[in-house]
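Engineer: Output the structure for:
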Amino acid sequence: MYGDAQRSLLISRSAQQIALIAIGSWFSITIPFLPVPFTLQTLFVLLSGAVLKRYAFIPVGLYILLGMLGLPLFHHGLAGPGVLLGPTGGYIFGFLGAAVIVGIAYERTSAIWRGAGMACGALMILAAGTIWLAVSSPGLTLPGAFMIGFVPFLAGDALKATAAYIIAGRLQ
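Structural biologist: The predicted structure follows:
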C-alpha cells in the first residue's frame, strides 16, 4: 500500500470498524422470552456507514465472513454458519443493507439526508431480522415475529442511530 494513502486509510478504517462491530457484539443482553439479544452491533454498523460512506459494505461483509468462518464475532461469542441460519441471521445480513444505506446517505452533506439514512439503516436491520425470524422459526407468523423481533428493539435502535449520528458528526 506504499504510496496509496486512500487505500491504506480504507484498509485501516475497515479493520477498525470490524473490531468495533465485534466488540459491540460482546455487549449483549438476552431477555428470556425474546429469541434475539440486545447488542451494540447496530451502533457500530451504522457508524461504519458514516465513516466509510460507499465502502461501508467492506467491513460489514468481512465481519460476516469472518464470523461465518469460525471467529467468535457474533453475539455472545458465537460463530459459524449456524448463527446465520438461526433466528438472528436476518439481523446480521441486514447489517450489509444498513451500511450501504447509511454510506450512500453520508455521501451527501445535508443533515436531513444523513439523519434519514441513519433511520432507514436501523429500520433495514430490524426489517431484515424480523422477516428472517418469521422464516426461520417454525410456527411463528410475520405479525408474531414483528411483535418479538421488531417492536422491542425499536426504541433502543432509535437511540443507537441517534448516538451514531452524533458520533459521526464529531468525526467529520
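
Engineer: only C-alpha atoms for contact and neighbour calcs from this point on.
Structural biologist: Fine.

Engineer: and the longest helix seen in the chain, what does it pack onto?
Structural biologist: Ranked by number of residues, the top helix in the chain under DSSP state H is helix 111-136. The contact analysis (3 or more CA pairs under 8 Å, 6 or more residues apart in numbering; DSSP states H and E) places helix 111-136 against helix 41-52, helix 89-105, helix 142-149, helix 151-171.

Engineer: Please work out the angle formed by the directions of that helix and helix 89-105.
Structural biologist: Angle, helix 111-136 to helix 89-105, by axes from the mean of the first three to the mean of the last three CA atoms, to 10 degrees: 160 degrees.

Engineer: Pull out the buried residues from helix 111-136.
Structural biologist: 113-136 (16 or more other CA atoms under 10 Å).

Engineer: still on that earlier bit, which one of the helices and strands packed on helix 111-136 is the most hemmed in?
Structural biologist: helix 41-52 (a mean of 28; mean count of other CA atoms under 10 Å).

Engineer: after that helix, next one along is what?
Structural biologist: Using DSSP states H and E, the next helix or strand after helix 41-52 towards the C-terminus is helix 57-68.

Engineer: List the strands paired with the lowest-mean-pLDDT helix or strand in the chain, with their directions.
Structural biologist: Of all helical and strand segments in the chain, the minimum by mean pLDDT, DSSP states H and E falls on strand 28-29, at a mean of 86. Sheet pairing here is set by DSSP bridges, and for strand 28-29 it gives strand 38-39 (antiparallel).

Engineer: Could you tell me how far the partner strand lies from the centre of the chain?
Structural biologist: Distance of strand 38-39 from its chain centroid, counting by CA atoms, centre = their mean, to the nearest Å, is 11 Å.

Engineer: So what's the model's average confidence on it?
Structural biologist: For strand 38-39, mean pLDDT rounds to 92.

Engineer: Sketch out the low-pLDDT regions of the chain for me.
Structural biologist: 1-2 (pLDDT under 70).

Engineer: what about 80?
Structural biologist: Within the chain, the ranges that satisfy pLDDT under 80 run 1-3, 32-33, 172.
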